[in-house]
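Colleague: Quick one: sequence plus predicted model below, questions after.
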Amino acid sequence: MIFSPIRLVMKVGEKVKEEVDKEFYDLEHIQQKLIHLEMMYELDEIDEQAYQEAEVELLARYETAKKREMEQAQESLKRKE
């Protein structure tokens, strides 16, 4: 299938958005990053300060993702009513 330049740009934009959403809002992805971070700290690949800074950021993203998930669930329930 041949895409027009505009459709191709739209497809690329959609793919980028999917990846950004996965990076910032996918709970499983964030959990995996937290596990990886802890492993890096335990293996002395990063120091305590770097670990704590990254952990704070990931936990904030997790909280945001969880809130977003709950809001989407509530919206879905409202639509069904």
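Modeller: On my side now, so go ahead.
Colleague: contacts, neighbours, all on C-alpha from now
Modeller: Fine.
Colleague: Phi and psi next, for residue 43.
Modeller: Here is the backbone geometry of residue 43 (degrees, to the nearest 10): phi -90, psi 10.
Colleague: Okay, now the unreliable bits of this protein?
Modeller: The model of the chain has pLDDT under 70 over residues 1-3.
Colleague: Just want the most central residue of it.
Modeller: The C-alpha lying nearest the average C-alpha coordinate of the chain belongs to residue 24 (Cα atoms, centre = their mean; 2.4 Å).
Colleague: Where does it fall, secondary structure wise?
Modeller: Using DSSP states H and E, residue 24 sits within helix 5-25.
Colleague: just residue 39 next, same as before
Modeller: Here residue 39 sits within helix 27-42, counting by DSSP H and E.
Colleague: Return the set of buried residues in that helix.
Modeller: 27, 30, 33, 34, 37, 38, 41 (16 or more other Cα atoms under 10 Å).
Colleague: got the CA coordinates for that helix in CSV?
Modeller: The C-alpha trace of helix 27-42 is given here as CSV (Å, rounded to 0.1, in the frame of the first residue of the first chain):
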residue,chain,number,x,y,z
LEU,A,27,2.4,0.4,34.3
GLU,A,28,4.1,-2.8,33.4
HIS,A,29,6.9,-0.9,31.6
ILE,A,30,7.4,1.4,34.6
GLN,A,31,7.5,-1.6,36.9
GLN,A,32,10.2,-3.3,34.8
LYS,A,33,12.2,-0.1,34.8
LEU,A,34,12.0,0.0,38.6
ILE,A,35,13.2,-3.6,38.9
HIS,A,36,16.1,-2.8,36.5
LEU,A,37,17.0,0.3,38.5
GLU,A,38,17.1,-1.7,41.7
MET,A,39,19.3,-4.4,40.1
MET,A,40,21.7,-1.7,38.8
TYR,A,41,21.9,-0.3,42.4
GLU,A,42,22.5,-3.7,44.0
